[in-house]
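>>> fold the stuff below for me.
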Amino acid sequence: MINTFYYLVPEDYNESKKIKTEYFIIDSLIKKGINIIPIFTFKDIKKDSKYDGIIFNSLKIILKNQKILTYAKKNNIPIFWWYFDTAKIRFARQRRVLKIAKQVSIFFNKDKDSFSDYLQSNINPIWLDQGVPSICNYTEIQKYDYDLSFFGSYEKSHSKRTNLLKEIDNKFNLIIYSKDYKKFLSNGFQNAKPFVPIETISKKIAKINLILNGDYNSNYCWSNRIHLIIGSGGFSLVEYVKGLENEYIDNQHCIYFNDKNDLVEKINFWLADNNNREKIRFNGYQHAHKEKRYEIKTNFFIQTINEFINNNHV
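This next block holds a predicted model:
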């Protein structure tokens with residue numbers, strides 16, 4: 001049985017103001033009896049320690065610590081990458097992702113359309129989504145301050161999303177919560193406020209919460225915001241991506257839309273339907289915490305790693 005792992009994390013991974021996803025994964029693994037040793041750089045690896053493998057998530061951090069990959073290969077240590085983003089936003093990113101993925105034992109990711117290409121490149125891909133943090137909660141709300149909300153960043157690479165939000169902002173009472181809130185305000189948005197910590201999302205949701213893709217759209221690859229918002233009791237209009245129907249049921253846990261016209265039509269409809277809107281947001285919250293929590297995600301994660309280690313007799 002596997003027991004001990006080094007886990008490469010950002011220095012602020014458990015900072016209370018902005019807890020990183022790594023914190024929830026590590027917490028879940030520890031509760032399963034796995035010994036996790038957080039490390040921040042290659043220098044933190046103790047060559048005389050006994051451990052079963054190395055785990056990391058961030059492309060940015062592993063690029064700064066590529067000696068870990070060389071060290072793992074030299075010492076026959078399995079290394080596992082659970083990548084949260086798509087590799088296909090830009091060619092430069094895709095090239096970096098492929099370089100790193102070729103050096104790990106298992107590449108957990110959501111770019112399912114690329115798996116055949118990955119296999120031909122001697123990459124071992126496994127599809128694995130993120131999940132609902134345990135600190136997401138449900139708040140009974142008597143009055144909403146806004147009709148619509150969007151939780152997310154302002155990125156030049158997502159200009160289509162920003163343009164869609166601007167059109168929505170011109171028609172409806174929209175609030176944006178973002179680390180980039182000043183950029184939204186400087187670009188003419190009416191209401192934008194600072195980033196909201198995960199545990200307080202439930203107190204900031206609007207009547208309708210928008211979950212939008214970036215400009216690059218890939219089957220089976222979506223933002224973790226769907227879990228964060230629905231898992232915080234937010235009634236959500238979700239931009240449909242193939243595969244999402246396996247995660248949340250349309251008209252039961254959330255509402256899917258396909259294009260701008262469909263979105264506007266559904267905004268108008270659901271702003272007027274208070275009773276069913278409240279039922280759906282509660283059903284979505286219950287489903288998210290029952291089926292999509294990190295305890296379930298890490299069960300699959302650690303089971304897959306265990307099978308790899310046993311099969312390879314490492």
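
>>> what's the most centrally placed residue in the chain in contact with, if anything?
For the chain, the residue nearest the mean C-alpha position is residue 224 (3.0 Å; Cα atoms, centre = their mean). With contact set as Cβ atoms under 8 Å, 6 or more residues apart in numbering, residue 224 has these partners: 21, 84, 129-130. Heads up, the C-betas are built off the backbone N, CA and C, glycines and all.

>>> what's the spacing between residue 282 and residue 141?
Residue 282 is 11 Å from residue 141, where distance means Cβ to Cβ, to the nearest Å.

>>> likewise for residue 125?
Per Cβ to Cβ, residue 125 is found 41 Å from residue 141.

>>> which one's more surrounded, the two?
The residue with more neighbours, out of residue 125 and residue 141, is residue 125; 21 against 15, by other Cβ atoms under 10 Å.

>>> for the more buried one, give the beta-bridge partners.
Taking DSSP bridges as the rule, residue 125 bridges to residue 107.

>>> who's in contact with it?
Contacts of residue 125 (Cβ under 8 Å, 6+ apart): 101, 106-109, 111, 114-115, 118-119.

>>> ditto for residue 282
138, 233.

>>> in the helix or strand it falls within, what counts as buried?
Per DSSP states H and E: residue 282 is located in helix 274-291. Of all the residues in helix 274-291, those buried under the rule 16 or more other Cβ atoms under 10 Å are 277, 280-281, 283-285, 287-289.

>>> the stretch 101-250 of the chain: helices as residue ranges?
115-120, 159-171, 181-186, 225-230 (DSSP state H, counting those that start in this stretch).

>>> minimum distance to residue 41: which of those helices has it?
Ranking these by proximity to residue 41 (Cβ to Cβ) places helix 115-120 first, at 27.8 Å.

>>> the nearest residue to residue 188 once chain neighbours are set aside and residue 265, how far apart?
Of all residues not flanking residue 188 in the chain, residue 166 sits nearest, at 7.0 Å (Cβ to Cβ, 6 or more residues apart in numbering). Separation of residue 166 from residue 265 (Cβ to Cβ): 19 Å.

>>> any idea how far residue 191 is from residue 149?
Taken as Cβ to Cβ, the span from residue 149 to residue 191 is 9 Å.

>>> of these two, which one has the most company?
Of the pair residue 149 and residue 191, residue 149 is the one with more neighbours under other Cβ under 10 Å, namely 26 against 17.

>>> so who does that one touch?
Taking Cβ under 8 Å, 6+ apart, we find residue 149 in contact with 174-177, 204-206, 208-210, 234.
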